[in-house]
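1. Here is a sequence with its predicted model. Questions after.
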Amino acid sequence: MKETEVYILGGFLGSGKTTLLRNILKQENEAGRKVAVLLNELGSVSVDSGLIDDDVPLKELFGGCICCTIQDKLEVQLHELLTENELEAVYIETTGAAHPVEVLDAIMSPLFAEKLAYKGIITVVDLLRWRDRNQLSPQLRQLLVEQVHHADFILLNKKDLVTEMEAAQLLYSIQALNADAVCLLTEQAEVSIASLQQLKRKQSHQHQELDVNHHLHLSAIVYSFEGAIKQTDFEEWMRNLPDTVYRMKGYVAFTHSQYPYLFQYSYGMPMLMNEMMKMPLNIVIIGENVQKEQLISELKELERKAKN
Ligand SMILES: Nc1nc2c(ncn2[C@@H]2O[C@H](COP(=O)(O)OP(=O)(O)OP(=O)(O)O)[C@@H](O)[C@H]2O)c(=O)[nH]1
């Protein structure tokens with residue numbers, strides 16, 4: 001089955017996410033691709049959905065930010081979108097207050113993660129807001145910095161509101177925080193989807209080449225177990241994980257139990273819960289600069305040991 005591309009559109013309140021989404025949808029429509037949108041608004045009334053054509057499947061999530069209050073709902077919505085439609089891409093517009101790790105965590109459900117090709121985080125930065133970030137509270141300033149830090153693609157938007165000289169300085173300050181992300185100065189969040197996709201490929205190529213000193217980025221790995229493993233080996237493996245692994249979740253079958261366990265791992269703290277039915281044995285691993293090949297070979301080794 002063809003995987004559905006997933007893009008997360010992030011950025012501070014008012015930075016231009018909706019404008020970007022509208023641009024993207026127009027181009028996707030012209031390209032004849034079938035895409036869907038997940039919108040999440042802080043208020044209880046959607047303002048943005050009127051902007052989207054009726055033939056784009058749309059789910060809206062109300063009453064809070066994806067990352068904290070409605071994570072489970074998001075999972076259900078995404079599942080419905082994926083089963084009801086043969087989609088080529090899903091765009092998730094996050095609220096301006098969402099932290100990228102939490103958003104990625106919310107969409108990477110072990111139940112359907114293997115159907116998704118997670119493409120990356122596109123962050124829209126309002127150049128004026130960025131220039132004046134020191135006027136924000138420390139918490140909001142931190143959020144702004146994190147949104148830049150975790151992005152794979154950054155639109156430095158509203159360039160019409162700053163001078164060329166300022167734009168160059170602001171670009172420089174953003175690149176100093178995230179040297180790997182592709183940066184683009186934009187007005188009205190104008191970007192071609194072709195360039196989004198092209199630049200992404202180049203970036204993943206860079207990631208393979210640069211081994212040391214390269215910038216850290218969030219990534220999500222999905223692993224499907226073929227069979228059961230020993231619980232003690234699994235626990236030992238978790239203890240030795242690097243602390244750049246932020247989250248894991250999924251279903252694991254242990255040799256001693258008939259049904260798999262649901263397990264959650266958050267910043268070093270694991271939690272296991274016995275399930276009462278068969279579940280797909282997928283786990284999702286989210287972290288910064290995670291060594292995909294190494295983790296996969298370690299998990300394979302756990303399976304091999306359990307067979308002997
Ligand atoms: N001057 C200027 N205004 C822009 C630009 N891009 C977007 N805007 C305006 O900025 C405002 C916010 O844009 P939106 O696209 O709604 O921003 P958003 O990030 O979706 O906002 P929230 O949903 O509130 O988080 C709108 O009034 C846009 O018209 C730009 O390049 N220059």
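-> Good, I have the coordinates.

2. you'd agree residue 160 is in a helix?
-> Yes - under DSSP: H, G, I helix; E, B strand; the rest coil, residue 160 sits within a helix.

3. wait, doesn't it sit right on residue 189?
-> No - the pair residue 160 / residue 189 is not scored as a contact, 11.8 Å apart, by Cβ atoms under 8 Å. Bear in mind the C-beta positions are built from the backbone N, C-alpha and C, glycine included.

4. Between the two, which has more neighbouring residues?
-> Ranked by neighbour count (other Cβ atoms under 10 Å), residue 160 and residue 189 place residue 189 first, with 23 against 10.

5. Contact partners for the residue nearest to the spatial centre of the chain?
-> The chain has residue 104 as the residue nearest its centroid, 3.5 Å off, counting by Cα atoms, centre = their mean. Residues counted as contacts of residue 104 (Cβ atoms under 8 Å, 6 or more residues apart in numbering) are 8, 118, 121, 218, 220, 286.

6. ok, 6 Å please
-> Contacts for residue 104 (Cβ atoms under 6 Å, 6 or more residues apart in numbering) come out as 218, 220, 286.

7. do residue 21 as well
-> residue 93.

8. Please report how far it lies from residue 3.
-> 21 Å (Cβ to Cβ, to the nearest Å).

9. just checking, residue 19 is part of a helix?
-> Yes - counting by three-state DSSP, residue 19 is located in a helix.

10. Report how many residues lie close to residue 275.
-> Counted with other Cβ under 10 Å, residue 275 comes out at 15.

11. returning to that earlier point: could I get the pLDDT score of the residue nearest to the centre of the chain?
-> Model confidence at residue 104, expressed as pLDDT, equals 75.

12. Now it: which helix or strand?
-> helix 100-107 (DSSP states H and E).

13. List, one by one, the residues from the stretch 101-250 of the chain near the ligand.
-> For the stretch 101-250 of the chain, the residues in contact with the ligand (Cβ under 6 Å from any ligand atom) are 157, 158, 160, 161, 187, 188, 189.
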